Structures are given as C-alpha cells and as structure tokens.
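> Quick one: sequence plus predicted model below, questions after.
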Amino acid sequence: MYLKMAKRVLFETDKRLVWKLAYNFGFKGALSVHKHKKRLKRGEFFPPFLYISVINSCNLRCQGCWVDVAAKQEKIDVEAMSRLIKEAKEMGNSFFGILGGEPFMHPQLLEILERHPDCYFQIFTNGQFITDEIAKKLRKLGNATPLISVEGNEIISNQRRGRNDVYEKTMQGIQNCLDNKLLTGVCTSLCKSNIDDLLTEEWVDKLIDMGVMYTWYHIYRVAGPEPNPELALSPEEQLRARKFVVEMRAKKPIGVIDAYFDHNGTALCPAATGLSHHINPWGDIEPCPVIQFATDSIHDESKTLKEKFVQSEFLKDFREVVQQNTRGCIILERPDLLENLVKKHGAKDSTARKQAMQELQNLETRTSQYSPGNEVPEKSFVYRIAKKFFFNDFGVYQGADHSQTAAPGILANKTSAPVNSSDDPPHFIPLEAMKK
Ligand code: SF4
C-alpha cells in the first residue's frame, strides 16, 4: 500500500510540485510545529498553522454555512496578506490554509500565492472557478494544493449547496486540476445526508481512480445563522467515521486527513492545542472559523502579529477554558462556556450579520469528536509516527478532568439540570452503554 502510494505521488503528479510540498509543507511545517512546542514550554504562544478566510463572497449557498456570503463583499487585499504572511514567516510558519467564502473569487488570490514561493497554501474551494487556465497557473506557481469540497452525490450536492449544476461543475474543477497534475484533495463535511454515499470504500476508490491524492473528512458543525441540527451526525455515526478513516489510512493508496484525533485516537481540538487560529475576511483574529468573535485585528498597526497572539487574553482564556472542559469541540459541547468567555472579554461579534451571540445562545449541548472509552488508535504506522511527533495535544489537557463538564458525560446522565450543576454529577460511559 505504501509503495502504491509512493508510485501514485511520483507518477500521477508533477514532481516539482511534490518537491515543493515536501519542502515547504513537510520539512518547514514540521519545523514550525517544533518551534510551537518550544514556545509552549516557555509559556509563549503563536499558532504554527494559520487559516485565513480571504473573502466572504461565494457563488453557492450551502446549508449550514456560517459565512456571510451574501453580505457586502469584503476581502483581505494582497498587501495586508503579504504583511500577515511575512510576520508569520518570522515566527517560523510556512503553511497557510486559505478559505472563504470562495477563495477563487478573490481577484488577487494567485498574486498572493506568487508573492510567497517559500510558503505552501491549501485552498479550500468548491472548485467551480478552477478552469484549465487557472489550474495551469497553479501548476506554474507550484506552492498550492486545491482542496475541493464535494458534499454528496449529484442530487445531495445540488440540494446541500443550493443550485442545480453544483456537482457537475465541481467535478469539472477537480478534473481540470488533475489534468494539470496538481496535488489535488477532496474534502467532505460529513452529515446525515452524505455519510452513506461518501464514507464508503467505493467513493475512496473512485477518488483514487480519478487521481485525487488526499481526502479530508470534516464533521458538520451545527452553528451559524441557519444551523441544521437534523444534519448532525449521531455519536455512533461519528465513531463510524473515525473507524473508517483509520481503516482507509491503513488500506488505500490515498492520504486521508482528519484533524480531531492524536495517534492513540484520543480526541483534541486544534484551536485548543494552539495549532491553529483563524483570520476572517475583515481581518479579525478568531479562535477558529466557526467561533466568530474577536478582540484583535490584523489591521491594528499598533501591535505586531506576534504581540497580538502572545498578548491576547481572549485567545489564551479560550484555549484554557476548552482544555479544562472537554477534549472535543466547545461550540458543540459547551456553547454556554463560550458565551461566558465572549462576555468576559467583551469580544466583538465578527460577523456581518451581527447575531452571533444570539445564535450561540440558541445552541444546545451535543456531542462532538470526544467519545471517551471509544478511542480508535491509528493502525497505519506512518500516521502513528507523524501524529506522535507533529499532531497531538502537546500536553495541554494534562491534569484536566472532563468527566463532569464535557457533553458525553452530561448527555449520558440525561440531566435536565443546568450543565454546571454539581448535583448528581454526570459521568462518562462508553458509547455502547449510552445506547442502552
Ligand atoms: S472549537 Fe470545534 S470547530 Fe473550532 S477548532 Fe475546535 S473542534 Fe474545530
């Protein structure tokens, strides 16, 4: 399997692009995580991976999306991006996730990539603007991988993303990337309506046959202005997704990404571990893309980017509150704690719609990736080793007891009392027992 994967990478993509990935993301990315670990030991903080939403506009209207895609267009211009990337590079960063809206609607996107040949960019896109010409330009630049989202089969994709020809156009975008030998990924936000079609070996085989090099399964988060709780996965389905990912990693010649588990299968939140934070199209620095509150902005010229991260009491408190209360996703499990945090720091609503607090208050406690007693360790030794060194909790949860504060315990206890109640404290029980 590893040999097949190596052959695919060598023969199905442009070798120059493989080299750029290996050096700018692999080698330099590993160094940036190493620097992050050293900073944590000194009690200092700067996230090694920044995710930047460069524009809010999008041509699609996906169910459950939290971005203000229909609001007046806002984007981070090429100069602001260059300043941001330059300051992050000074801290040892070399990898940047680019999100939107739809990033390819940003008129200067390629110029941004071009200005930083020593960095690597992963572009989260619906793929519909990637024409043959754009794919050729991306190949020439060599420092970006498109990660194209497919949200279901033709019917489900069109339904989830609000238009009739979505699936066809997205598949054409993927094909344009593959025809130009780009290192191309496909991601899916798993939910009730696509799990049976896309969390399957047939789908993974289809991606391999097409020439796709990696896939990324997210779990749909119930959040934003129009949350769809009926699309949310049950704890059993989330466990099924984890088992599938571990299985495919050990079996198929394709990279499979998920961002919620360490090498032992113990859950974590990448924002709580300090691995990443997010910058929105208005320049606000948010804990992560779905938590739309901020106290700092990249456009504030009175401080350096380093000072903004090192001195941010809001982000520090955010990480500590998550670390103390759950290894899962705070917005799903404990929206009440987020609400307290936002109020305590006077963090501003960083959306255009200005209803984020009300949305937070409407959320209910639900489970996330954290499912104590149901850990699924990595079977593939490559992922085991990589995660052991570069993707784990870096000790940030050490000493915390989540048994009375995280959703699995609270929900297992079926308490109708407030989530902080100390009467009849909730306890963790494995998923199997929860079903009884
Ligand atoms: S808070 Fe939830 S959505 Fe945000 S990074 Fe953590 S796990 Fe992901």
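Noted; the coordinates are in hand.

> Ramachandran angles for the closest residue to Gly255 other than its chain neighbours?
Computed as C-beta to C-beta, 6 or more residues apart in numbering, the closest residue to Gly255 that is not its neighbour in sequence is Tyr214, at 3.3 Å. To be clear about C-beta, it is placed using only N, CA and C from the backbone, and glycine gets the same treatment. Backbone geometry at Tyr214, expressed as degrees, to the nearest 10, gives phi -150, psi 160.

> One more: Phe293?
phi -140, psi 150.

> Ok, Ile279 next?
Per-residue torsions, Ile279: phi -120, psi 130 (degrees, to the nearest 10).

> For burial, what's the neighbour tally of the residue nearest to Gly255?
Number of residues near Tyr214 (other C-beta atoms under 10 Å) recorded here: 17.

> how far away is it from the ligand?
Per C-beta to the nearest ligand atom, to the nearest Å, Tyr214 is found 19 Å from the ligand.

> what's next to stretch 74-91, contact-wise?
Stretch 74-91 is contacted from outside by 32, 35, 46, 50, 52, 54-57, 96, 106, 108, 111-112, 115-116, 118-119, 279, 281-283, 298-299, 304-306, 352, using C-beta atoms under 8 Å, 6 or more residues apart in numbering.

> what about Pro84, how many neighbours?
No Pro there; residue 84 is Leu. 20.

> per-residue confidence at it?
At Leu84 the predicted local distance difference test score is 97.

> how about it, secondary structure?
helix (DSSP: H, G, I helix; E, B strand; the rest coil).

> taking the contacts of stretch 74-91 one by one, which sit in helices?
Ser32, Lys35, Glu111, Ile112, Arg115, Leu305, Lys306 (DSSP state H).

> and which of the residues you listed is nearest to the ligand?
Minimum distance to the ligand across the ones in helices among the contacts of stretch 74-91 is 18.0 Å, recorded for Ser32 (C-beta to the nearest ligand atom).

> residue contacts, that closest one?
Residues in contact with Ser32 (C-beta under 8 Å, 6+ apart) are Pro48, Phe49, Met91, Gly92, Asn93, Ser94, Phe95.

> helix or strand for the fifth one, which one?
Put plainly, it is Asn93. Remark: Asn93 resides in no helix or strand, with elements defined by DSSP states H and E.

> Could you report the neighbour count for it?
Other residues close to Asn93 by other C-beta under 10 Å number 23.

> Same question for the second one.
The local packing of Phe49 (other C-beta under 10 Å) involves 21 other residues.

> Leaving out sequence neighbours, find the closest residue to it.
Per C-beta to C-beta, 6+ apart, closest to Phe49 is Ser276, 4.3 Å.

> Would you agree the one you found is in contact with Ile52?
No: when contacts are counted by C-beta atoms under 8 Å, Ser276 is not listed as touching Ile52 (10.5 Å).

> Up against the ligand, what does the stretch 101-250 of the chain have?
Within reach of the ligand by C-beta under 6 Å from any ligand atom, the stretch 101-250 of the chain has these residues: Arg221.

> what are the ranges of the strands in the stretch 101-250 of the chain?
Secondary structure of the stretch 101-250 of the chain (DSSP state E, counting those that start in this stretch): strands at 120-125, 144-149, 185-190, 214-219.

> Mean pLDDT added to those strands, as TSV?
Formatted as TSV, these follow (pLDDT from 0 to 100):
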stretch	mean pLDDT
strand 120-125	98
strand 144-149	97
strand 185-190	95
strand 214-219	95
